[in-house]
Structure formats: structure tokens, C-alpha cells
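# below are the sequence and a predicted model for it; my questions follow.
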Amino acid sequence: TPVIAAAIGAVAEVVENEVTGYLFSPGDAEGLAKQVNRLVSDTRGLRDFRTRVRQIFEQRYTADINYQLLTHIYAEAMRVR
């Protein structure tokens, strides 16, 4: 599902504006409202958006992929140590 999030911290690193969701400036209620309206106003576009977001999830965030990344991080940490 596409996400609407404030463009701050780790969330802004995960949510790619107009790719996996919409970002708005922190504390900007009008910006948040604009992004919510943008997302829900186009039902056909939302369906396509959801499909694209799911594909990105399957490429980057599944349990298997995260396990491989984590074991690589541990292996690299042990190598450097």
C-alpha cells in the first residue's frame, strides 16, 4: 500500500516520493491534506500505484531479502573486527 509520510528521519529514506508513497513537510497540515486527497482521488491510479509498491516490496523488503542483508552485515562486521 502506498504511504503518506512526513519527510523526516528514516521514513523519508524508505518512502520514495511518488514511487512508494507521498511525502509532505513535517508539521504541514495543508501538505498532508493535499497528499491524502491526491492519493484517494484517483482510484484507477491508486490500483496501479499499489501494484508498483507491491513489486518494490517484493524486490527489497521480504523476509528472505532482509535475512540475506542482515547476514551480510554481520559477516562484514566480523571481517572488519
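Sure, I can see it.
# now the helices for this protein?
Using DSSP state H, the helices of the chain run over residues 9-14, 29-40, 43-60, 63-80.
# out of the ones you listed, nearest to residue 23?
Residue 23 sits nearest to helix 9-14 of all the helices of the chain, at 6.3 Å, using C-beta to C-beta. Placement of C-beta: from N, CA and C, glycine included.
# quick one: average pLDDT of the closest one?
For helix 9-14, the mean per-residue pLDDT is 90.
# so what touches that helix?
5, 6, 20, 23 (C-beta atoms under 8 Å, 6 or more residues apart in numbering).
# before we move on, back to that, now for the helices of the chain, which one comes closest to residue 1?
helix 43-60 (6.1 Å).
# residues of the closest one that come out buried?
49, 53 (16 or more other C-beta atoms under 10 Å).
# and if you look at stretch 3-21?
Neighbour-count burial for stretch 3-21 [16+ other C-beta under 10 Å]: 4, 5, 6, 7, 15, 20, 21.
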